[in-house]
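[1] What shape does this take:
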Amino acid sequence: MRKDIHPPYGPVVFRDKAAGFAFLTRSTATGAKTIEWEDGRTYPVIDVEVSSASHPFYTGTARVMDTAGRVERFERRFGKRR
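    Predicted coordinates:
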C-alpha cells in the first residue's frame, strides 16, 4: 500500500438522538463535535437519524403492505387487463 494517501482511521461515536442510543466504533468519518465516552476519553461524535435501535425492521414495528388491496384499487380505477 502507498503511504499518506489513506484517511485517518480512528475511534468515533455514532449517536442516534431519537432512540437515545450510541455506540463506539472505528471509522474514517469524523465529526466536529466531541463527546465524553464511558471510559472517560473524548471522541468525535456523528449524529445519525436512524440506527438499529430506531429502524422499524430491527425494532419489529415494520408494517406489511397490503399488495392485494393496491392491485384491486388499480384495477377498479383503470380496468382489468384483457
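
[2] if you count residues, which helix in the chain comes out on top?
    As assigned by DSSP state H, the longest helix anywhere in the chain is helix 67-78.

[3] What average pLDDT does that helix get?
    Average pLDDT, helix 67-78: 78.

[4] Quick one: the helices in the protein, in order.
    Using DSSP H, the helices assigned to the chain run over residues 56-59, 67-78.

[5] got the contact list for stretch 13-33?
    6-12, 35, 37, 43-54 (C-beta atoms under 8 Å, 6 or more residues apart in numbering). Glycine gets a C-beta too; all of them are placed from N, C-alpha and C.

[6] Beta-bridge partners for residue 48, please?
    Taking DSSP bridges, one obtains residue 16 as the residues bridged to residue 48.

[7] what's the burial count for it?
    Close neighbours of residue 48, defined as other C-beta atoms under 10 Å, add up to 14.

[8] what do you get for residue 13?
    Residue 13, neighbours per other C-beta under 10 Å, totals 21.

[9] mind checking how far it is from residue 43?
    Residue 13 sits 5 Å away from residue 43, going by C-beta to C-beta, to the nearest Å.

[10] Just give me the residues shared between the contact sets of these two.
    Jointly contacting residue 13 and residue 43 under the rule C-beta under 8 Å, 6+ apart are 24, 35, 37.

[11] Tell me the one of these nearest residue 71?
    residue 24 (46.8 Å; C-beta to C-beta).

[12] Quick one: neighbours of that closest one, just the number.
    Around residue 24 there are 15 other residues, counting by other C-beta under 10 Å.

[13] Poorly predicted segments of the chain, please.
    Across the chain, the ranges flagged by pLDDT under 70 are 1, 55-68, 81-82.

[14] go again using 90 as the cut-off
    By pLDDT under 90, the weakly predicted segments of the chain are 1-4, 16-20, 30-31, 48-82.

[15] Can you show me the strands along it?
    Taking DSSP state E as the criterion, the chain carries its strands at 10-16, 21-27, 33-36, 42-48.
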